[in-house]
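Engineer: I would like to see how this sequence folds:
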Amino acid sequence: MAESSLIDSYGVYIDGQWVEPDSGRYDVLNPATEHVIASAPNAGAAQVERAIGAARTVFDCGPWPAADPAERSRCLQQLSDALLARGDEIYALAQAEWGCTANERLIHVEGPAFMVGRVMGLRTYMEPKAIGVPA
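Structural biologist: Model (predicted):
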């Protein structure tokens, strides 16, 4: 499983940059074999606070709040497509990391992709529409 590109980055992503975790790392074990399959970052409270603050700032002041529903829909479609395109890799990683069974693939791959696609489709219901109000 170590060859998965989903586990190639071992840092903590804060404010657009990969940084080393301030609280070290911990081993991720395959529950079936007890072999180490990855080294996961262990962010401390200060890094978590920085990450939350950066996420809040970019959410409030970045391009997302200004994006129209069609642009948001395109972004969500890209996310759904990416989840499905890497479905085998996501499933294999989930299987190695916590012993996910074959029927759980729906929960961890197809389900999230479907939900993102469903939310994307709701944009048509959220567009402003004039309604007639009786006088």
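Engineer: for the record, mean pLDDT for stretch 110-128?
Structural biologist: If you average the pLDDT over stretch 110-128, you get 73.
Engineer: meant to ask about stretch 80-95, not that
Structural biologist: Per-residue pLDDT over stretch 80-95 has a mean of 87.
Engineer: go on, stretch 64-73?
Structural biologist: 86.
Engineer: For the remainder of this discussion, apply numbering that starts at 445.
Structural biologist: Noted, 445 is the first residue going forward, which turns the last one into stretch 508-517.
Engineer: Could you work out the end-to-end span of it for me?
Structural biologist: Start and end residues of stretch 508-517 are separated by 11 Å (C-alpha to C-alpha, to the nearest Å).
Engineer: centre of the chain versus it, how much separation?
Structural biologist: 18 Å (C-alpha atoms, centre = their mean, to the nearest Å).
Engineer: Just the buried positions in it, please.
Structural biologist: Using 16 or more other C-beta atoms under 10 Å as the test for burial, stretch 508-517 gives 516-517. In this view, the C-beta of every residue, glycine as well, is placed from N, C-alpha and C.
Engineer: And stretch 471-485, by the same measure?
Structural biologist: So stretch 471-485, judged by 16+ other C-beta under 10 Å, has buried residues 472, 474, 481-482, 485.
Engineer: among the residues you listed, which are in strands?
Structural biologist: Mapping these onto strands (DSSP state E) picks out 472, 481-482, 485.
Engineer: Now the two most distant members of the residues you listed.
Structural biologist: Longest distance between any two of these is 14.8 Å, between 481 and 485; criterion C-beta to C-beta.
Engineer: Buried residues of stretch 521-535, list them for me.
Structural biologist: 523-524, 527-528, 530-531, 533-535.
Engineer: Any chance of JSON lines for these, columns distance to residue 501?
Structural biologist: Below are the buried residues of stretch 521-535 laid out as JSON lines (distance: C-beta to C-beta, whole Å):
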{"residue": "523", "distance to residue 501": "21"}
{"residue": "524", "distance to residue 501": "26"}
{"residue": "527", "distance to residue 501": "26"}
{"residue": "528", "distance to residue 501": "31"}
{"residue": "530", "distance to residue 501": "29"}
{"residue": "531", "distance to residue 501": "32"}
{"residue": "533", "distance to residue 501": "31"}
{"residue": "534", "distance to residue 501": "29"}
{"residue": "535", "distance to residue 501": "34"}
